[in-house]
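Student: Let me see the structure of the following:
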Amino acid sequence: MREFDTDGPRAEGPPVLWAGPEFGPTLLVIDPSGAAKHDDLPATWHDLAASHQIAWCRLPASRSSMEDIEDVLETMAERRTTVDVVACGHACAPAVAIAGQFADVVRSVLLVDPTPDTPEVVYAKVVARSHDGASDRVEAPLPLGHPEVVAGVRTALEEADRAAADAAK
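Tutor: A predicted model of the protein is given here:
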């Protein structure tokens, strides 16, 4: 597995930030840019934190990023909690790979601007992409705090919840 850069100002702060209720559905966010530096989620994620436990893995702040991600997934496996993984850019391919290792707890992998080397698997879905053109003010990958990312994650979670409810009928 790939280890990520740990230099620069985003390397400060916690490697994993936890928010939301301790038990219940979990969102594991794999953030290669290191947002949430100041012990708080991006403001756009606060509504999701009301209904989901969020483990925000800040890759630049971690000296062993893959181990941090595995630790979160092992904790969720012990709790028998369903996890949806969110990743962007060059973290997408490793997110898909590690989700495959934890298929018993990972329900889906929600991707933002995946790189060409990201494997196409049934449990992964692209939820947001940067726009190419004059109206695009944000270079790919879109930051995980971008409102379009949060809207895409919310929609994907609602669709997965409906599908699970239909399957249980």
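Student: Which stretches in this structure count as helices?
Tutor: When assigned using DSSP state H, the helices of the chain occupy the ranges 46-51, 65-79, 92-101, 147-168.
Student: got the buried residues for the last one?
Tutor: If I follow you right, that is helix 147-168. Neighbour counts using 16 or more other Cβ atoms under 10 Å place 148-150, 152-153, 156-157, 160 of helix 147-168 among the buried residues. No exception for glycine: its C-beta is placed from N, CA and C like everyone else's.
Student: And for the shortest one?
Tutor: Using 16+ other Cβ under 10 Å as the test for burial, helix 46-51 gives 48-49.
Student: roughly how far is it from the heart of the chain?
Tutor: Offset of helix 46-51 from its chain centre (Cα atoms, centre = their mean, to the nearest Å): 14 Å.
Student: Would you mind pulling the contact partners of it?
Tutor: 19-21, 24-25, 27, 41, 54, 150, 153-154 (Cβ atoms under 8 Å, 6 or more residues apart in numbering).
Student: any chance of those in CSV, with pLDDT too?
Tutor: Below are those laid out as CSV (pLDDT from 0 to 100):
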residue, pLDDT
Ala19, 94
Gly20, 94
Pro21, 94
Gly24, 81
Pro25, 93
Leu27, 98
Leu41, 92
Ile54, 96
Val150, 97
Val153, 98
Arg154, 98
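Student: Buried subset of the residues you listed as a ChimeraX selection?
Tutor: Filtering the contacts of helix 46-51 down to the buried ones (16+ other Cβ under 10 Å) takes a single ChimeraX command:
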select :19,20,25,27,41,54,150,153
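Student: could you dump the helices of the chain to CSV with distance to Arg129?
Tutor: Formatted as CSV, the helices of the chain follow (distance: least, Cβ to Cβ, whole Å):
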stretch, distance to Arg129
helix 46-51, 20
helix 65-79, 23
helix 92-101, 12
helix 147-168, 9
